[in-house]
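Novice: build me a model from this:
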Amino acid sequence: MQLQMIFDAISEKQIERRQYEENYKTALKNHDAYQNLITDLDEMKKKKIAIEEQVKNTLGNVIDKLEDVKATIKGSKKMLTDQALSMLMDSQTIEVTDKHGNRYEPRWSVKFVKAEKVFENGKLQ
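Specialist: Residues are numbered from 1 along each chain as shown. Sure, this is the predicted structure:
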């Protein structure tokens with residue numbers, strides 16, 4: 001049950017963190033200079049977005065190619081991860097090198113997400 005104890009401790013700290021974050025956000029909302037700065041930043045962000053849209057419209061084809069390259073990279077990274085995981089399961093050494101001879105090894109992580117609730121006969125189980 002060590003895993004459950006660690007999970008419970010993390011959950012408690014997350015609740016405590018949320019309370020501190022709420023206090024911090026409330027203090028910022030009540031700070032006039034901060035609120036004025038936020039308003040100015042919002043206006044600047046809108047101007048920035050307008051300029052970016054102008055440039056995108058000017059470059060059109062380049063932006064389409066950029067999006068294609070991004071999608072290809074994302075797919076290739078998923079394939080790389082899947083292949084590395086398969087190699088890990090087969091107890092193989094996992095390592096790649098770039099064109100400069102730099103070696104790369106994988107870093108693994110586990111993320112816990114809330115399991116989907118199961119409904120049976122219209123009732124939550």
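Novice: now do the SS call for the spatially most central residue of the chain.
Specialist: Geometric centre of the chain, nearest residue: residue 111, 12.1 Å, by C-alpha atoms, centre = their mean. Under DSSP: H, G, I helix; E, B strand; the rest coil, residue 111 falls in the coil class.
Novice: from residue 104, how far off is it?
Specialist: 21 Å (C-beta to C-beta, to the nearest Å). C-beta: built from backbone N, CA, C; applies to glycine.
Novice: ok, now residue 21?
Specialist: 35 Å.
Novice: and the host helix or strand of residue 18, what's buried?
Specialist: Per DSSP states H and E, residue 18 falls inside helix 2-29. By neighbour count with 16 or more other C-beta atoms under 10 Å, helix 2-29 contains no buried residues.
Novice: for it, packing partners?
Specialist: Using 3 or more C-beta pairs under 8 Å, 6 or more residues apart in numbering; DSSP states H and E, no helix or strand is in contact with helix 2-29.
Novice: tell me the helix or strand right after that helix.
Specialist: Using DSSP H and E, the helix or strand that directly follows helix 2-29 along the chain is helix 32-59.
Novice: could you give the angle of that next one to helix 2-29?
Specialist: Using axes from the mean of the first three to the mean of the last three C-alpha atoms, to 10 degrees, one finds that helix 32-59 and helix 2-29 are set 100 degrees apart in direction.
Novice: tell me how far residue 21 lies from residue 31.
Specialist: Counting by C-beta to C-beta, the gap from residue 21 to residue 31 is 16 Å.
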